[in-house]
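Colleague: I need the structure of the sequence given here:
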Amino acid sequence: MTDTRTEPTAVVETDLTHKMHRAATTLLAEAAGRPSVPAGALAELRDFLVANLHHHHESEDGQLWPLITAAAPGTAAELATLTEDHDLLDSALDALAGVPIGDTGRAALAEAASAVRDLVHGHLEREEPLLFPALRAHVSPEAWAEFSRQVVATAPMEGAHLMIGLFDEVGSPEEVELVLSGLPEPARAFVPGMRQAARGSLAVLRGENDAT
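Modeller: Sure, this is the predicted structure:
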């Protein structure tokens, strides 16, 4: 777990988000190959991933990279390589979004989900050694707070409860609370209900309710 006592908020929030993306892409690839998982549950996770990852990449390319390069122009070339990764990922996400979900489409869904999983995991292995030092050195707490506020304000709502549930699984309570503290107060009131809904959805996706 990231040490919230020593790391800046930018690194803690980004690290937790990346862990959630790793877990979600892995879960979809595995669940798509599990015949007992209902099509609706697969569609819910697939649609969450597609919307969330597109939004994440757009926020980085359109807002975070310019913020970093304004403070450190020498980072521009490295960040451009990450944008190239985003372009590949976005194409794979579009392909995943186009796969019909039903009994006859499970193999195609599993293949498309596995492709997204592999691209996301590989991309994050390349991104984090570049991004985390840049966040520590070049993004002030005030600049990050404004960036984070904009990301939350524009975040897609598809499967938002899944994000809460996956955050809880991959992060410490302190990390999760730090991330959720950026939610508007009215939205925070819904978090307990979203946690409960997520537990049910994640159990179905993992086949934990299957008869034995």
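Colleague: List the buried residues of stretch 200-212.
Modeller: Ser201, Leu202, Val204, Leu205 (16 or more other CB atoms under 10 Å). Backbone N, C-alpha and C define where each C-beta goes, glycine included.
Colleague: for this protein, where's the lowest mean pLDDT among helices and strands?
Modeller: helix 185-188 (a mean of 85; mean pLDDT, DSSP states H and E).
Colleague: ok, and what's touching it?
Modeller: Helix 185-188 is contacted from outside by Leu180, using CB atoms under 8 Å, 6 or more residues apart in numbering.
Colleague: send the alpha carbons of that helix over as CSV?
Modeller: Taking C-alpha atoms only, helix 185-188 is exported to CSV below (Å, rounded to 0.1, in the frame of the first residue of the first chain):
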residue,chain,number,x,y,z
GLU,A,185,-21.0,16.1,0.3
PRO,A,186,-24.4,15.0,-1.2
ALA,A,187,-22.6,12.2,-3.1
ARG,A,188,-20.8,10.9,0.0
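Colleague: Quick one: name whatever helix or strand follows it.
Modeller: Next helix or strand after helix 185-188 toward the C-terminus (DSSP states H and E): helix 191-205.
Colleague: for the record, mean pLDDT for that next one?
Modeller: Helix 191-205 shows a mean pLDDT of 95.
Colleague: Let's see it as CSV, backbone CA atoms only.
Modeller: Extracted as CSV, the C-alpha positions of helix 191-205 are listed here (Å, rounded to 0.1, in the frame of the first residue of the first chain):
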residue,chain,number,x,y,z
VAL,A,191,-21.3,5.7,-0.5
PRO,A,192,-22.6,3.1,2.0
GLY,A,193,-25.3,2.0,-0.4
MET,A,194,-22.9,1.8,-3.3
ARG,A,195,-20.6,-0.3,-1.2
GLN,A,196,-23.4,-2.8,-0.5
ALA,A,197,-24.4,-2.9,-4.2
ALA,A,198,-20.8,-3.4,-5.2
ARG,A,199,-20.3,-6.4,-2.9
GLY,A,200,-23.3,-8.1,-4.6
SER,A,201,-22.1,-7.3,-8.1
LEU,A,202,-18.5,-8.4,-7.5
ALA,A,203,-19.7,-11.6,-5.9
VAL,A,204,-21.8,-12.4,-9.0
LEU,A,205,-18.9,-11.6,-11.4
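Colleague: Nice, that's everything, thank you.
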